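> Sequence first, then the predicted structure, then my questions.
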Amino acid sequence: MNRSFVSLCSALVTFAMIGAACGGGDDSSSEPAAGGTSSEPSTESTSSEPSTESTSSEPATDDPLAVTIAIESEPTDIDPQATQEGGMRRVMENVYERLVEHDLVDPSILVPSLATELPTLIDDTTWEVKLREGVTFHNGEPFNADAAKFSIDRAIDPALDSELLGLVDTITGVEVVDEFTIRISTVAPDPILPSRLYIIYMVAPDHTIKGDLSAQAVGTGPYEMVEWIPGQHFDLARYPGYWGDEPPVDEVRFVFLPESQTRVAALQAGDVQLATGLPPESADSVPQLITREGLEYPFLRMKTYEGPLQSLDLRRAIAHAINVDDYVKFIYSDQAARVNCQPQGPDVLGFNPDLIDYPYDPALAESLVASSGYDGTPITFIAPTGRWLKFEEMAEAIQSDLDAVGINLDFQLIAFEPWLNAFLAPAGEGQPDMVLASTSTEILDSDKLSVYIGIGGPAASYDNEELVEMMTEARSTFDNDRRIEIYQDVLATNCDEVGLLPLLTFLDIYGAADNIQWTPRFDGTTRIADMIVN
């Protein structure tokens with residue numbers, strides 16, 4: 001991938017724009033910003049009017065040490081077991097912890113966190129986990145085996161209707177062995193159970209039962225929740241009883257600025273010290289640029305079980321009509337790359353090195369449209385605003401490319417929360433024909449595909465029972481060579497059938513003040529404990 005940034009001459013955007021951005025707006029749409037009108041965690045109403053509160057670094061003072069961070073989207077929910085959407089994770093990764101963690105430098109390595117060592121295999125379907133002593137939740141509840149059992153049982157409970165259930169539903173139950181030891185049972189041999197534990201945050205049992213995790217976060221992490229003013233900011237403070245190393249920053253404010261140039265302007269003005277999700281053209285406009293290989297893989301999800309996109313010829317026409325090379329060059333300024341017809345990178349177990357993308361061929365696309373028998377029926381196509389970098393521009397380019405070969409789209413750019421609701425709608429309950437989305441494989445295993453393939457998956461509209469059976473087998477063998485073979489076959493079949501059409505991957509780009517030292521995590525989370533302020 002070409003890592004040289006393209007410098008663009010542009011007028012600086014003044015920080016006066018930020019007040020309007022706090023209430024709504026995005027890079028290219030007049031739709032309300034995600035969280036601006038309907039993401040209230042409580043009965044407090046949220047207005048899409050511009051915020052009267054400045055995004056300045058209040059509460060930043062010399063003492064205590066504080067930072068303000070501008071992020072793309074407000075959390076739609078802060079229950080960390082119900083969702084894993086980006087706004088929630090940007091904030092809550094500082095509040096909640098897991099039994100295991102990925103190493104900061106080499107994320108392929110799992111390390112203990114609230115566990116004292118990695119899980120031990122007792123028999124084919126049982127793993128034992130030793131837990132850390134002396135840990136308390138922010139409300140004073142103890143972290144112990146009962147809390148770990150409660151957290152895991154809740155995460156796998158179908159009644160929670162978690163977006164993550166497809167990644168942890170191999171777990172059947174948890175046994176408390178003693179105060180700081182649990183045993184986790186799986187429905188069949190599960191070779192990646194330790195990695196699955198990275199998906200499950202530990203929550204305080206008493207608070208979860210009696211309180212509301214969607215309104216008040218209570219974890220074991222280095223920061224505790226202070227205040228969430230919907231549409232304005234989310235404040236955290238260092239937790240004095242934290243079991244680990246004391247983080248250097250005392251107070252943190254997250255502000256929600258969906259428009260990327262507004263985040264740049266806030267950083268230029270010194271009103272925020274870190275800004276996430278910056279566009280490549282901002283490279284010469286911020287005090288300090290921080291980049292990392294991205295984990296996001298944008299793709300088009302096709303509804304294959306009903307409607308116009310049941311036609312394989314029509315789905316292949318879409319694949320040939322889309323000019324991904326132009327998107328890489330002109331939308332992402334060469335800070336993106338093609339992905340070889342799969343929504344994950346070579347560091348993910350099961351990556352298929354033999355796949356290639358569909359070439360851009362509008363003439364062939366027109367021919368396939370004709371052979372498909374497509375009658376011009378509008379194909380519903382939705383894309384989110386204010387969440388992923390350049391999605392607005394890419395969605396509009398997709399519409400233009402498909403229109404050029406005779407494919408009629410009912411195209412809607414919508415705010416993130418209603419987009420998410422539509423994306424997660426169960427099969428047969430009004431799923432759009434085509435959705436522009438993005439996936440990230442934090443478990444570094446192709447098991448993540450189970451979320452999208454087979455209409456029983458929590459975000460699936462691609463129905464292929466044969467692939468579901470193959471993935472079930474891959475979940476149940478400790479033979480890594482066989483698992484790789486299965487997943488490579490699954491990815492090859494998906495590429496051929498265009499159930500999911502991977503598009504590209506892009507760099508994670510952050511801007512920071514000159515006095516900030518910070519290494520971003522591989523999964524795009526914003527960990528304040530990793531930060532040094534000079």
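Structure's in. What do you need?
> Next up, the contacts around Ala82.
Listed by C-beta atoms under 8 Å, 6 or more residues apart in numbering, the contact set of Ala82 reads 160-163, 213-214. Where C-beta positions appear, they are placed from N, C-alpha and C, glycine not excepted.
> Check for me that Lys329 belongs to a helix.
Yes: membership of Lys329 in a helix is supported by DSSP: H, G, I helix; E, B strand; the rest coil.
> What about it, how many residues nearby?
When neighbours are counted by other C-beta atoms under 10 Å, Lys329 registers 14.
> Val218 is in contact with His207, isn't it?
Yes: with contact defined as C-beta atoms under 8 Å, Val218 counts as touching His207 (4.5 Å).
> so what sits against both of these two?
Counting by C-beta under 8 Å, 6+ apart, the contacts common to Val218 and His207 are 137, 139, 141.
> and the residues you listed as TSV, adding neighbour count and pLDDT?
Output for the shared contacts of Val218 and His207, formatted as TSV (neighbours: other C-beta atoms under 10 Å; pLDDT from 0 to 100):
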residue	neighbour count	pLDDT
Phe137	24	98
Asn139	13	97
Glu141	18	98
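> Which of these fall in strands?
Using DSSP state E, no member of the shared contacts of Val218 and His207 falls within strands.
> all strands for the stretch 151-300 of the chain, in order.
171-178, 181-186, 223-229, 233-238, 251-256, 274-275, 288-292, 297-302 (DSSP state E, counting those that start in this stretch).
> Mind jotting down where the strands sit in the stretch 401-534 of the chain?
409-415, 434-439, 500-502, 505-506, 508-512, 516-517, 532-533.
> So what's the gap between the second one and the chain middle?
In other words, strand 434-439. 12 Å (C-alpha atoms, centre = their mean, to the nearest Å).
> average pLDDT across that strand?
When pLDDT is averaged along strand 434-439, the result is 97.
> Outside of it itself, list whatever touches it.
Under C-beta under 8 Å, 6+ apart, the answer for strand 434-439 is 296-303, 309, 318, 343-344, 379-384, 388, 391, 394-395, 398, 409, 422-423, 448, 451-452, 459, 461.
> what comes up buried for it?
For strand 434-439, burial by neighbour count (16 or more other C-beta atoms under 10 Å) applies to 434-439.
> okay, now the domains of this protein?
15-83+221-294+508-533, 100-210, 297-506 (automatic domain parsing).
> quick check, distance from the shortest one to the centre of its chain.
Taking C-alpha atoms, centre = their mean, one finds domain 100-210 lying 21 Å from the centre of the chain it belongs to.
> Could you export the contacts of Ala82 as JSON lines, including neighbour count and pLDDT?
Formatted as JSON lines, the contacts of Ala82 follow (neighbours: other C-beta under 10 Å; pLDDT from 0 to 100):
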{"residue": "Leu160", "neighbour count": "15", "pLDDT": "93"}
{"residue": "Asp161", "neighbour count": "10", "pLDDT": "87"}
{"residue": "Ser162", "neighbour count": "24", "pLDDT": "89"}
{"residue": "Glu163", "neighbour count": "19", "pLDDT": "85"}
{"residue": "Leu213", "neighbour count": "23", "pLDDT": "94"}
{"residue": "Ser214", "neighbour count": "16", "pLDDT": "94"}
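> I'd assumed Pro222 was in contact with Ala237.
No: assessed by C-beta under 8 Å, Ala237 is found out of contact with Pro222, at 10.2 Å.
> Compare the two and say which is more crowded by neighbours.
Remark: of Ala237 and Pro222, Pro222 carries more neighbours, 21 against 18, as counted by other C-beta under 10 Å.
> and the residue nearest to Asn464 when sequence neighbours are not counted, what is it in contact with?
With C-beta to C-beta, 6 or more residues apart in numbering as the criterion, Asn464 has its nearest non-adjacent residue at 6.1 Å, and that residue is Ile453. Contact analysis of Ile453 by C-beta under 8 Å, 6+ apart lists 460, 462, 464, 467-468, 471, 490, 494, 499-500.
> Could you give the bridge partners of Ile453?
Tyr462 (DSSP bridges).
> Ala437 now?
Counting by DSSP bridges, Ala437 is bridged to Phe299.
> Same question for Thr126.
Asp123, Ser185.
> close enough to count as contact, Asn144 and Thr181?
No: judged on C-beta under 8 Å, Asn144 makes no contact with Thr181 at a distance of 9.8 Å.
> what do those two both touch?
What both Asn144 and Thr181 touch, as defined by C-beta under 8 Å, 6+ apart, is the set Leu131.
> how near is Ile382 to Asn421?
The gap separating Ile382 from Asn421 is 10 Å, by C-beta to C-beta, to the nearest Å.
> if you count what's nearby, which of those two comes out ahead?
Using other C-beta under 10 Å, the more surrounded residue of Ile382 and Asn421 is Ile382, with 22 against 12.
> Looking at this protein, which helix is longest?
If you go by DSSP state H, the chain has its longest helix at helix 480-497.
> Number of residues surrounding Val105?
Neighbours around Val105, by other C-beta under 10 Å: 8.
> and what of Glu227?
11.
> Is it in contact with Leu236, as I believe?
No: judged on C-beta under 8 Å, Glu227 makes no contact with Leu236 at a distance of 9.1 Å.
> As TSV, the strands of the stretch 151-300 of the chain with distance to Arg90 and mean pLDDT would be great.
Output for those, formatted as TSV (distance: least, C-beta to C-beta, whole Å; pLDDT from 0 to 100):
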stretch	distance to Arg90	mean pLDDT
strand 171-178	27	98
strand 181-186	29	98
strand 223-229	12	97
strand 233-238	9	98
strand 251-256	7	97
strand 274-275	11	96
strand 288-292	15	93
strand 297-302	18	98
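> Can I get those strands in TSV including distance to Leu364?
Listed next are the strands of the stretch 151-300 of the chain as TSV, based on distance: least, C-beta to C-beta, whole Å:
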stretch	distance to Leu364
strand 171-178	46
strand 181-186	46
strand 223-229	51
strand 233-238	49
strand 251-256	43
strand 274-275	42
strand 288-292	36
strand 297-302	18
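> Let's test this: name the helix or strand in the chain with the lowest mean pLDDT.
One helix or strand of the chain scores below all others by mean pLDDT, DSSP states H and E: helix 18-23, with a mean of 34.
> quick one: average pLDDT of the following helix or strand past that one?
Sequence order places strand 66-71 as the next helix or strand after helix 18-23, per DSSP states H and E. For strand 66-71, mean pLDDT rounds to 97.
> ok, back up a step: among the strands of the stretch 401-534 of the chain, which comes closest to Ala365?
Closest to Ala365 of the strands of the stretch 401-534 of the chain, according to C-beta to C-beta: strand 500-502, at 12.7 Å.
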